[in-house]
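In: have a look at this prediction, sequence included:
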Amino acid sequence: MTDKTFDIVIVGAGIVGATLARELSAYSLRVAVIDKASDIPSGASRANSAMIHAGYDDQPGTIKADFCPIGNRLYHELAAPLDFTLKECGSYVCGFDDDDRIHLEKLLEQGRANRVPGLEIISGETLRRREPYASGDITHALRAPTGAVINNFEAVLAFIDNAQQNGVELFLETELKDLLLSADGAEVVGVATNRGRLFAPVVVNAAGVYSDLVARMAGDDSFFIRPTRGEYYIMDKRIGSLVNSFFFACPTPKGKGITVAPTAENNLLIGPTSIVQPGRDDTSTTADGLAEVIDGARRLIPSIPLNMAITAFSGLRANPDTKDFIVNVLERPLGFVNAAGIKSPGFTSAPAIACHLVELMKDRLAKRISFIPDPTFIPERKHTPRFEMLSLEEKRRLAEADPRYAQIVCRCEMVTEGQIVEAITRGARTVAAVKIWTRAGAGRCQGGFCGPRVVDILARELGVSCEEITRHGGHSRYLVGKTKDYWFRGEN
Ligand SMILES: Cc1cc2nc3c(=O)[nH]c(=O)nc-3n(C[C@H](O)[C@H](O)[C@H](O)COP(=O)(O)OP(=O)(O)OC[C@H]3O[C@@H](n4cnc5c(N)ncnc54)[C@H](O)[C@@H]3O)c2cc1C
């Protein structure tokens, strides 16, 4: 990458960077998004509960409380034009005794102050009539009908994809190394990356768990991030219908606690834990963490069978010491914008943060960039076909037009060769990116059967050898050579 010039560089292609890029793409601006990862979403936007929160959790007057209900509404509005999966399942916060009942009343009041529609407290009996597997120990529950579950992979892709359609440039495997400042340090002039420099009068820090370190480059040490890990199990679709809604227990000072939730694809998700750790990249899982997940989940839904777990994973929250989102434009260096410390409900709030940031930039950075609406802006896009969800007639039509849609590659999720080829055409370069686009490898066998076929198709379509295909970039190669070569080498 040679030196290039833009109006705005966004550091981080998580949901915050993606929604902002899409919002900015409605103006005649040259926008670049850089991310050090090989595929997106990476970071917290990849590994979370995928809940579009209703907005009763946060204290009125906080930035979170303002943005969460607006973000919720925006997702409902944008799911169809941007073609990402959102299920309107609602949520329950469950109470087990009188103290919890008082807590639920407080959440109800808070939610009403935050203008969350439709909240009500129901009895345990009413809950169990709607949700027969809910624990008999639950005495009351706060119902929030506007809570929803989303396919978080699809949502990030949708915003970035639409932004790219409208001219935004995405640079993957591009790591911010330093901020470029004017000689007197008063103004931002661009970024230095591992792949060259990008010049721009405005740089947005949307670097998630690294956002405090990026802010330090601008001399901003007003907050620090404590990475906080959340571990999960994903359970088989066969028990996906144990719950119809998102289940929470009453929150504790550590957070919202272990939840039980249907996923957008009808699996069951249980977790997360909340463990503060020093490492910003360690997303391993632990026996203790997963045991806590099971205990917490069974408190809500006692009949969850452990043998239905198909995989475990963890995500890292960008937990700021300020306890609220950091969304601001610095006075010095002028042109530096923070969208930092975006912890939960950050996924939900992201579209609202994006709209707010655009207004803030229009107001504070008018001398550096001009916000002229782009008359050619296209507000919608289409995802690759979701073969499994199509009617027989639609499947037949697709397969007739392109026989690769008649070749099932991933048997668990019914993903066809046609979908995988289209994902590659639209930017997927790794096995993880193919999974993110199509769900190939996301099913019961976790890629045990389709993994080698996906590597093969990637190699064929990209015109490289199978040995060059990686799981998620860097050194994560699947194949290092032919078994017999190694066997003979061993003999020597
Ligand atoms: C366990 C867990 C559960 C959660 N559950 C929910 C939920 O149910 N609902 C909800 O609303 N929110 C939830 N959240 C919060 C939500 O996931 C986050 O608020 C949101 O994803 C943050 O998005 P982001 O874009 O700020 O950060 P990220 O998604 O982390 O993106 C930051 C990006 O910056 C890139 N980056 C970092 N440093 C650099 C650099 N130097 N150069 C280039 N790129 C860089 C990273 O590679 C990454 O892609 C949860 C979070 C976790 C961890």
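Out: Nice, thanks for sending it over. Numbers count the residues shown, from 1 in each chain.

In: now the phi/psi pair for Val421, please.
Out: Phi and psi for Val421, reported as degrees, to the nearest 10, are phi -60, psi -40.

In: likewise for the one 5 residues further on?
Out: Taking degrees, to the nearest 10, you get phi -90, psi 10 for the backbone angles of Arg426.

In: tell me, what's the model's pLDDT at it?
Out: Looking at Arg426, its pLDDT reads 95.

In: who touches it in this structure?
Out: Residues near Arg426 by Cβ atoms under 8 Å, 6 or more residues apart in numbering: Asp161, Thr384, Trp437. Every residue, glycine included, has its C-beta placed from N, CA and C.

In: please repeat the previous calculation with a cut-off of 10 Å.
Out: Arg426 sits next to Leu157, Asp161, Gln164, His383, Thr384, Ala433, Trp437 when contact means Cβ atoms under 10 Å, 6 or more residues apart in numbering.

In: of these, which belong to helices?
Out: Leu157, Asp161, Gln164, Ala433, Trp437 (DSSP state H).

In: hang on, the earlier thing: dump the contacts of Arg426 to CSV, plus neighbour count.
Out: Below are these laid out as CSV (neighbours: other Cβ atoms under 10 Å):
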residue, neighbour count
Leu157, 29
Asp161, 24
Gln164, 19
His383, 20
Thr384, 21
Ala433, 26
Trp437, 24
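
In: as JSON lines, those with pLDDT and distance to the ligand would be great.
Out: Listed next are the contacts of Arg426 as JSON lines, based on pLDDT from 0 to 100; distance: Cβ to the nearest ligand atom, whole Å:
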{"residue": "Leu157", "pLDDT": "97", "distance to the ligand": "13"}
{"residue": "Asp161", "pLDDT": "97", "distance to the ligand": "16"}
{"residue": "Gln164", "pLDDT": "98", "distance to the ligand": "16"}
{"residue": "His383", "pLDDT": "97", "distance to the ligand": "19"}
{"residue": "Thr384", "pLDDT": "95", "distance to the ligand": "21"}
{"residue": "Ala433", "pLDDT": "97", "distance to the ligand": "13"}
{"residue": "Trp437", "pLDDT": "97", "distance to the ligand": "16"}
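
In: return the member of those nearest to Glu175.
Out: Relative to Glu175, the closest of the contacts of Arg426 is Ala433; by Cβ to Cβ it sits at 18.0 Å.

In: separation between Glu154 and Pro41?
Out: For Glu154, the distance to Pro41 equals 10 Å [Cβ to Cβ, to the nearest Å].

In: find residues that contact each of these two.
Out: Ile436.

In: how does this protein divide up, domain by domain?
Out: With domains defined by automatic domain parsing, the chain comprises 1-88+148-224+321-383, 91-145+226-317, 387-483.

In: look at the second one and report the distance between its end residues.
Out: Domain 91-145+226-317 has an end-to-end distance of 21 Å (Cα to Cα, to the nearest Å).

In: now stretch 13-22, how far from the centre of its chain.
Out: How far stretch 13-22 lies from its chain's middle: 10 Å, per Cα atoms, centre = their mean, to the nearest Å.

In: including distance to Glu131, could the contacts of Arg426 go into a markdown table?
Out: Converted to a markdown table, the contacts of Arg426 look like this (distance: Cβ to Cβ, whole Å):
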| residue | distance to Glu131 |
| --- | --- |
| Leu157 | 31 |
| Asp161 | 35 |
| Gln164 | 41 |
| His383 | 30 |
| Thr384 | 34 |
| Ala433 | 36 |
| Trp437 | 33 |
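
In: quick check, nearest of those residues to Ala50?
Out: Leu157 (13.6 Å).

In: now do the contacts for that closest one.
Out: Contacts of Leu157 by Cβ under 10 Å, 6+ apart are 13, 18, 39-41, 82-84, 151, 381, 383-384, 423, 426-428, 433, 436-437.

In: where does pLDDT dip in the stretch 201-350 of the chain?
Out: Low-confidence segments of the stretch 201-350 of the chain (pLDDT under 70): 254.

In: at 90 instead, please
Out: Scanning the stretch 201-350 of the chain for pLDDT under 90 picks out 251-257.

In: any idea how far Phe449 is from the residue in it positioned nearest to the ligand?
Out: Nearest to the ligand in the stretch 201-350 of the chain, going by Cβ to the nearest ligand atom, is Gly346, at a distance of 1.9 Å. For Gly346, the distance to Phe449 (Cβ to Cβ) stands at 35 Å.

In: who's more crowded, these two?
Out: Legend: neighbour count by other Cβ atoms under 10 Å for Gly346 and Phe449, higher for Gly346 (26 against 15).

In: from what I see, that one and Gly14 are in contact.
Out: Yes: taking contacts as Cβ atoms under 10 Å, Gly346 lies within contact range of Gly14: 8.6 Å.

In: any shared contact partners between those two?
Out: Joint contacts of Gly346 and Gly14 (Cβ under 10 Å, 6+ apart) are Ala44, Ser45, Gly208, Ala318, Ala339.

In: just the pLDDT for the second one.
Out: If I follow you right, that is Ser45. 98.

In: next up, the contacts around it.
Out: Ser45 is in contact with 12-18, 152-153, 155-156, 208, 315, 342, 346-347, 350, counting by Cβ under 10 Å, 6+ apart.

In: in helices, which of those fall?
Out: Using DSSP H, these in helices are Ile15, Val16, Gly17, Ala18, Asn152, Phe153, Ala155, Val156, Gly346, Phe347, Ala350.

In: just the closest of the residues you listed to the ligand, please.
Out: Nearest to the ligand out of the ones in helices among the contacts of Ser45 is Gly346 (Cβ to the nearest ligand atom; 1.9 Å).

In: which residues touch the closest one?
Out: Going by Cβ under 10 Å, 6+ apart, Gly346 touches 14-16, 44-45, 48, 53, 64, 67-68, 71, 208, 317-318, 325, 339, 353.

In: please report the distance of it from Pro320.
Out: 11 Å.
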